[in-house]
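The sequence and its predicted three-dimensional model are supplied below.
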Amino acid sequence: MENKNQGNEIQVELTDEIAQGIYSNLAIIAHSSSEFIIDFIRLMPGTPKAKVQSRIILTPDNAKRLLFALQENIEKFENQSNAGKTVRFEDVIPPIGGKPGEA
């Protein structure tokens with residue numbers, strides 16, 4: 001099958017420094033009428049301050065594309081078999097703040 005998108009191929013460069021990644025365990029999202037801002041933060045236990053590790057600024061269209069890409073990848077993750085059991089985020093990741101609220 002011929003790839004019809006060959007003319008639209010983008011070559012992405014990943015430097016060694018960026019390939020190492022940055023650990024973040026908290027994200028704060030803000031928006032204006034023209035952009036979404038996502039601050040990725042490393043929150044360490046017992047530390048009074050949390051440092052922003054990276055800030056990403058997206059257009060609303062690209063924020064929505066990111067949302068869809070994350071949804072697709074989360075579905076793939078949840079459908080992977082783990083020792084014969086379907087993995088769900090609810091089984092792996094507790095809600096922020098610990099236990100879910102009670103009415």
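In hand now; what should we look at?

Could I get the full set of helices for this structure?
16-19, 60-79, 89-92 (DSSP state H).

Check which helices and strands the second one sits against.
Same thing as helix 60-79. helix 89-92 (3 or more CB pairs under 8 Å, 6 or more residues apart in numbering; DSSP states H and E). C-betas here are computed from N, CA, C, even on glycine.

Report the mean per-residue pLDDT for the helix it packs on.
For helix 89-92, mean pLDDT is 62.

between the helices of the chain, which gets nearest to Gly7?
helix 60-79 (20.6 Å; CB to CB).

Which residues belonging to the closest one are considered buried?
Ala63 (16 or more other CB atoms under 10 Å).

Could you pull up the mean pLDDT of it?
92.

How about stretch 24-44?
Rounded mean pLDDT across stretch 24-44 is 96.

Identify the bridge partners of Lys51.
Per DSSP bridges, the residues bridged to Lys51 are Arg42.
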